[in-house]
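Novice: the following comprises the amino acid sequence and a computationally predicted model.
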Amino acid sequence: MSTHLPTMTKMAHKTILVVEDERSICELIAINLQHAGFIPLRAHDASVAERMIAEVLPDVILLDWMLPTKSGLVFAKELRGNPRTRDIPIIMITARSEESDTVTGLEAGADDYVTKPFSPRELVARVRAVLRRRAPQLTDEAVAIGPLKLDPVRHRVYAVSDKKEHPLELGPTEFRLLHFLMTHPERVHSRAQILDKVWGDHVFVEERTVDVHIKRLRASLSRGNLADLVQTVRGTGYRLTAEALHPARNRSDTRAEVVRI
Ligand code: CA
């Protein structure tokens, strides 16, 4: 388990990949991100960025438009076209400021857009904003699905019955796994996707690691009679679903049961 620690630490602090060929700007952004508590990764062109992403998924990509060989625009489209990287928030950075360019950048798949010269404080604020929008499991908002409630601030999980919160004991990995599943419910996630999103790494961690932690998660949830919330989808992966609570209802109804609090 100790081999997973560096990745867990990175996830806790959120890694931000900065793709910018102007080294002084890249460094300026990286230092500001570091001061804000993020872990910056630096790439000076798209091919270096691709190699880094192949190893570990960053939480956000800051992508310069004007890059040598492959433009940021083309790279953003590629990232969006790849199932592994399509959910990573992208903020385009560019010297262009015309409205048509903004639209082009957003159409290529960028989540936000910053025009040079920008204030580092503004950039950090935008990074936080896209993290909140695109990756709810990385924020501090509490989530509830049926009687299951997870509070990231207090780092506690509760089974609610008779209006009382009964705390459930979870290990740190099971907590992060449950947090991811609860913020992405009613969807099947493959083991590789879960490794990417929860461990930040699908290359060096074995897929059966996921099975081990799902088993432990179910054991913890079973103390609140909620183990059925985590379903195994044969040959595919895992899904957290409120359907288990109301098997007679149809899918659209159960979606309404997923409440963010
Ligand atoms: Ca540039």
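Specialist: Cool, got the structure.
Novice: what are the boundaries of the strands in this protein?
Specialist: 15-19, 39-43, 60-64, 90-94, 112-115, 143-145, 148-151, 156-161, 164-168, 189-190, 230-233, 237-240, 258-260 (DSSP state E).
Novice: where among those is the average confidence lowest?
Specialist: In terms of mean pLDDT, the lowest-scoring of the strands of the chain is strand 258-260 (a mean of 43).
Novice: which one, of the strands of the chain, ends up nearest to the ion?
Specialist: Ranking the strands of the chain by proximity to the ion (CB to the ion) places strand 60-64 first, at 4.4 Å. Every C-beta, even on glycine, is put in place using the N, C-alpha and C of the backbone.
Novice: ok so, going back, so can I have TSV of the strands of the chain showing distance to Arg132 and mean neighbour count?
Specialist: TSV is the format used below for these (distance: least, CB to CB, whole Å; neighbours: other CB atoms under 10 Å):
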stretch	distance to Arg132	mean neighbour count
strand 15-19	14	25
strand 39-43	18	20
strand 60-64	11	27
strand 90-94	13	24
strand 112-115	12	19
strand 143-145	13	21
strand 148-151	17	21
strand 156-161	21	18
strand 164-168	25	14
strand 189-190	21	19
strand 230-233	25	15
strand 237-240	21	22
strand 258-260	12	13
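Novice: and the ones you listed as CSV, adding distance to Gly224?
Specialist: What follows is the strands of the chain, written out as CSV (distance: least, CB to CB, whole Å):
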stretch, distance to Gly224
strand 15-19, 33
strand 39-43, 35
strand 60-64, 34
strand 90-94, 38
strand 112-115, 39
strand 143-145, 12
strand 148-151, 7
strand 156-161, 3
strand 164-168, 5
strand 189-190, 22
strand 230-233, 12
strand 237-240, 14
strand 258-260, 17
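Novice: how close does the closest residue to the ion within the stretch 101-250 of the chain get to Glu22?
Specialist: Residue nearest to the ion within the stretch 101-250 of the chain (CB to the ion): Lys116, separated by 8.9 Å. Distance check for Lys116 against Glu22: by CB to CB, to the nearest Å, it reads 9 Å.
Novice: give me the common contacts of those two.
Specialist: Overlap between the contact sets of Lys116 and Glu22, as judged by CB atoms under 8 Å, 6 or more residues apart in numbering, is nil.
Novice: so which bits of the stretch 51-200 of the chain are right by the ion?
Specialist: Contacts of the stretch 51-200 of the chain with the ion, taken as CB under 5 Å from the ion, map to Asp64, Met66.
Novice: mind running it again at 8 Å?
Specialist: Applying CB under 8 Å from the ion, we find that the stretch 51-200 of the chain lies next to the ion at Asp64, Trp65, Met66, Leu67, Gly72, Ala95.
Novice: now intersect these with the helices, please.
Specialist: Judged by DSSP state H, helices contain the following of these: Gly72.
Novice: find the nearest non-adjacent residue to Val130, please.
Specialist: The shortest distance from Val130 to any non-neighbouring residue, by CB to CB, 6 or more residues apart in numbering, is to Pro89 (3.8 Å).
Novice: got the phi and psi for that neighbour?
Specialist: phi -60, psi 140 (degrees, to the nearest 10).
Novice: how far away is it from the ion?
Specialist: 20 Å (CB to the ion, to the nearest Å).
Novice: tell me the spacing between that residue and Ala46.
Specialist: Noted for Pro89: a distance of 17 Å to Ala46, by CB to CB.
Novice: now swap in Leu63 and tell me
Specialist: The spacing between Leu63 and Ala46, counted by CB to CB, is 9 Å.
Novice: overlap of the contact sets of these two?
Specialist: Val19, Gly72, Phe75.
Novice: which residues touch the residue lying closest to the last one once chain neighbours are set aside?
Specialist: Of all residues beyond its chain neighbours, the one nearest Phe75 is Ala46 (4.4 Å), with distances taken as CB to CB, 6+ apart. Residues counted as contacts of Ala46 (CB under 8 Å, 6+ apart) are Val19, Leu67, Thr69, Lys70, Gly72, Val74, Phe75.
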